[in-house]
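Chemist: pasting the sequence and the predicted coordinates here, then a few questions.
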Amino acid sequence: MPTTFRILAIAALVLAPGAALAQGTLTPAPPDAYIYIGWPNDGEVVKSPFKVWFGLRNMGVAPAGVAHEGTGHHHLLIDTDLPPLDEPIPSDQNHIHFGAGQTETVVTLPSGRHTLQLIMGDADHIPHDPPVVSKQIAVTVR
């Protein structure tokens, strides 16, 4: 995500894109952070569109671009494996970013079996160390 201008007053809280990689470090995750998909449940049969809500314990949510200790933002992985854990999470139809700090969404998928999984990203959309990843679930869209 290209950066153009930043307000000086919040510059101390914001990392430039790729700053963690340039320093050779990943953003630490709280050791007891836990992320999960609250709904739908694994094996659920749903009608599209359907709501997906995100659960998170022992970690806070902050918008993309805001680097605050113990926080990150959600990324929903649809029908894909985990991305590289030391690079920014891609942004495409299989890697949905929730950089405004959203904790739920409505998903429209075609009929059939689909997998869903959550991963937290830091201010720069890079997974934390250790990565905060939910169990992958499967849903069937009718």
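Modeler: Sure, I can see it.
Chemist: just checking, what packs against the helix or strand harbouring I37?
Modeler: For I37, the host element (DSSP states H and E) is strand 34-39. For strand 34-39, the helices and strands in contact under the criterion 3 or more CB pairs under 8 Å, 6 or more residues apart in numbering; DSSP states H and E are strand 50-57, strand 112-121. Where C-beta positions appear, they are placed from N, C-alpha and C, glycine not excepted.
Chemist: at 10 Å instead, please
Modeler: Helices and strands touching strand 34-39, as assessed by 3 or more CB pairs under 10 Å, 6 or more residues apart in numbering; DSSP states H and E, comprise strand 50-57, strand 71-78, strand 112-121, strand 137-141.
Chemist: and the angle for the second one with strand 50-57?
Modeler: Using axes from the mean of the first three to the mean of the last three CA atoms, to 10 degrees, the interaxial angle of strand 71-78 with respect to strand 50-57 works out to 140 degrees.
Chemist: partner strands of strand 71-78, with direction?
Modeler: Strand pairing for strand 71-78, determined by DSSP bridges: strand 60-61 (parallel), strand 95-97 (antiparallel), strand 112-121 (antiparallel).
Chemist: kindly reformat the helices and strands packed on strand 34-39 as JSON lines containing mean neighbour count.
Modeler: Listed next are the helices and strands packed on strand 34-39 as JSON lines, based on neighbours: other CB atoms under 10 Å:
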{"stretch": "strand 50-57", "mean neighbour count": "16"}
{"stretch": "strand 71-78", "mean neighbour count": "23"}
{"stretch": "strand 112-121", "mean neighbour count": "19"}
{"stretch": "strand 137-141", "mean neighbour count": "17"}
